[in-house]
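need a 3D model of the following:
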Amino acid sequence: MKQIIMKYISIISLVFVTSLLIGCNTKVGSESGNKEKGSATELAKAKEDQAKKEGVVEITKQQAETIGLEMRTLEERNLGNNIKVTGTLELFPQDKANISPFIGGNVSSIKVIPGDNVNKGQVLAYIEHPDIIAMQQEYQEKIDELVFLKQDFERKQILYKKGVSSGKEFQMAQSKYRSTSSSVNGLGSQLKLLGINPDKVAEGQIYSAAPITAPISGYVDQVLISLGDYVAPQSRMFSISDNSMIYVNLKVYEKDIRQIEKGQQIHFSTTSRPNELFKASVRSIGQTFNTDPKALEVLADIENKDKNLLPGMYVQGRIVQGEKKGFAVPEAAVIKEGEHSFIFILDEDKKLEANKLKFKMIRVSVGVTDLGFVEVHLPAEVSKDAKVVINGAYNLSSEMVKDELDHDH
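Below you'll find the predicted structure:
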């Protein structure tokens, strides 16, 4: 009996030990499987993180057009921490004109509209009035009278020298001749001011209307008349501006005045064309402070050959003190993520579908910010001929985030 009991105890012990061993092996196998599974997950995540770091996004050409995406080849610019200034574009007094008639009249014809380019002496309008005709008739009468008075004066001069005529008669003839001659010259000058040829009038021609002509070449800014209007003398009819000689009127604050000299170079941009840099040079430095704000006026000459710069435009600029060249992009091209800065460049992938564009998000370090441009230091692998997205970069960034979220789901 005792032996049988001992035998059962041995069997039970063996079963218990075996169970323990099997349980341990199962646990070890499970941990090993979980470890392998975890390694595969981490590898996939690492690959995904690497893809995110590369920052690649693809869009269609239609999408690019919709978001107004613009690209530009990397370019070097003059950058510097110089004197920042603001101001406006203006015209010198001799480059703008207000046109008024010398004599009152009714508008019979208008030859131009606002925006027309006109040359000096070109007819802008015609005015009619009886006084214009009367002046020409008086001129003709005075000329005829002058012919008679000249002959009378010359005859009495000869008689006076011979002692036949009295000195009084000679002096009266001389006075009438000179007075009428002065009247003829005066009327002739008035006709010239009216744009009427005195020589033609002297030949018998009478003009019913006087032309209003442009005193300078330029663009018509305003037309302030209508057909049939009566225009009084010195009333403004037109205004013309010659934008080819436009200048910059800059405000320089007191602390910077000592650093300004004639001839210094100025770089500036306008609100309407922020990505375009214009050049100017200091022409003159004012000698009187403006009170609000307390600043000095500095005038600068610019080149405006294409006449796209217009009076009244607001400008931001800098007066060059010392500068350096560097690669720069518009501020809108730089994406900020925390302390890091990125730009998008076009990936010239030949395997890409014809209707698609591929962009890489490149991390850059930034330097000087000047007139809306940011200096960027590029990684060595980025070509200097790369095309940078200058408008629409934030849209591409949003598209990239969207793709990542879709991938996570």
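
count the neighbours of Glu399 for me.
Other residues near Glu399 number 17, with proximity taken as other Cβ atoms under 10 Å. Using the backbone N, CA and C atoms, a C-beta is placed for each residue, glycine as well.

is it true that Ala285 touches Val298?
Just so we're on the same page, residue 285 is Ile rather than Ala. Yes - Ile285 is within contact range of Val298, at 5.5 Å (criterion: Cβ atoms under 8 Å).

tell me which of those two has more neighbours.
In this comparison of Ile285 against Val298, neighbours counted by other Cβ under 10 Å, the higher total goes to Val298 at 26 against 15.

joint contacts of Ile285 and Val298?
Ile260 (Cβ atoms under 8 Å, 6 or more residues apart in numbering).

nearest spatial neighbour of Ser165, skipping sequence neighbours?
Leu159 (3.6 Å; Cβ to Cβ, 6 or more residues apart in numbering).

how many neighbouring residues does that neighbour have?
Here the neighbour count serves as a burial measure; for Leu159 (other Cβ under 10 Å) it reads 14.

pretty sure it sits in a strand.
No - using DSSP: H, G, I helix; E, B strand; the rest coil, the secondary structure at Leu159 is helix, not a strand.

tell me how far it lies from Arg178.
Taking Cβ to Cβ, to the nearest Å as the criterion, Leu159 is separated from Arg178 by 18 Å.

do the same with Lys294
Taking Cβ to Cβ as the measure, Lys294 and Arg178 are separated by 61 Å.

repeat for Ala97
In this view, Ala97 and Arg178 are 37 Å apart by Cβ to Cβ.

the two: who's more crowded?
Neighbours were counted for Ala97 and for Arg178 using other Cβ under 10 Å; Ala97 has more, 18 against 12.

helix or strand for that one, which one?
Assessed by DSSP states H and E, Ala97 sits inside strand 96-99.

what residues of that strand count as buried?
Using 16 or more other Cβ atoms under 10 Å as the burial criterion, the residues of strand 96-99 that qualify are Lys96, Ala97, Ile99.

separation between the residue nearest to Ser165 and Ala393?
Using Cβ to Cβ, which is the criterion applied here, Leu159 is 100 Å from Ala393.

likewise Leu378?
In terms of Cβ to Cβ, Leu378 sits 15 Å off from Ala393.

so for these two, which sits in the more crowded spot?
Ala393 (24 against 18).

and the more buried one, what does it touch?
Residues touching Ala393, when contacts are defined by Cβ under 8 Å, 6+ apart, comprise Ala332, Ala333, Val334, Ile335, Ile343, Phe344.

now do the phi/psi pair for it.
Dihedral angles of Ala393 (phi, psi; degrees, to the nearest 10) stand at phi -60, psi -40.

Asn275 now?
Here is the backbone geometry of Asn275 (degrees, to the nearest 10): phi -90, psi 0.

and it, how far from Glu76?
15 Å.

of these two, who's got more company?
Summary of the neighbour comparison: Asn275 and Glu76, criterion other Cβ under 10 Å, with Asn275 having more neighbours (15 against 11).

pretty sure the more buried one contacts Ala333?
No - between Asn275 and Ala333 there is no contact under Cβ under 8 Å: 10.1 Å.

which residues are common contacts for those two?
For the pair Asn275 and Ala333, residues contacting each of them under the criterion Cβ under 8 Å, 6+ apart are Ile390.

ranges for the helices of the stretch 51-200 of the chain?
Remark: helices of the stretch 51-200 of the chain, listed N- to C-terminal, are 61-66, 130-162, 167-193, 198-202; assignment by DSSP state H, counting those that start in this stretch.

now those helices in JSON lines, with mean pLDDT and distance to Arg258?
As requested, those are arranged in JSON lines below (pLDDT from 0 to 100; distance: least, Cβ to Cβ, whole Å):
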{"stretch": "helix 61-66", "mean pLDDT": "87", "distance to Arg258": "50"}
{"stretch": "helix 130-162", "mean pLDDT": "89", "distance to Arg258": "60"}
{"stretch": "helix 167-193", "mean pLDDT": "89", "distance to Arg258": "50"}
{"stretch": "helix 198-202", "mean pLDDT": "93", "distance to Arg258": "59"}
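
tell me which of those helices sits nearest to Lys84.
Closest of these to Lys84 is helix 61-66, at 34.6 Å (criterion: Cβ to Cβ).

got a list of contacts for the closest one?
Against helix 61-66 from outside (Cβ under 8 Å, 6+ apart): Asn355, Lys356, Leu357, Gly392.

could you list the buried residues of stretch 363-381?
Burial within stretch 363-381, assessed by neighbour count using 16+ other Cβ under 10 Å, is assigned to Val364, Val366, Asp370, Leu371, Phe373, Val374, Glu375, Val376, Leu378.

confidence-wise, which of those residues comes last?
Checking pLDDT across the buried residues of stretch 363-381, the minimum falls on Leu371 at 68.

can you get me a residue count around the closest residue to Leu346 other than its chain neighbours?
Leaving aside its sequence neighbours, Leu346 sits nearest to Lys387 (Cβ to Cβ, 6+ apart; 4.2 Å). Neighbourhood size, Lys387 [other Cβ under 10 Å]: 17.

appreciated, that's everything.
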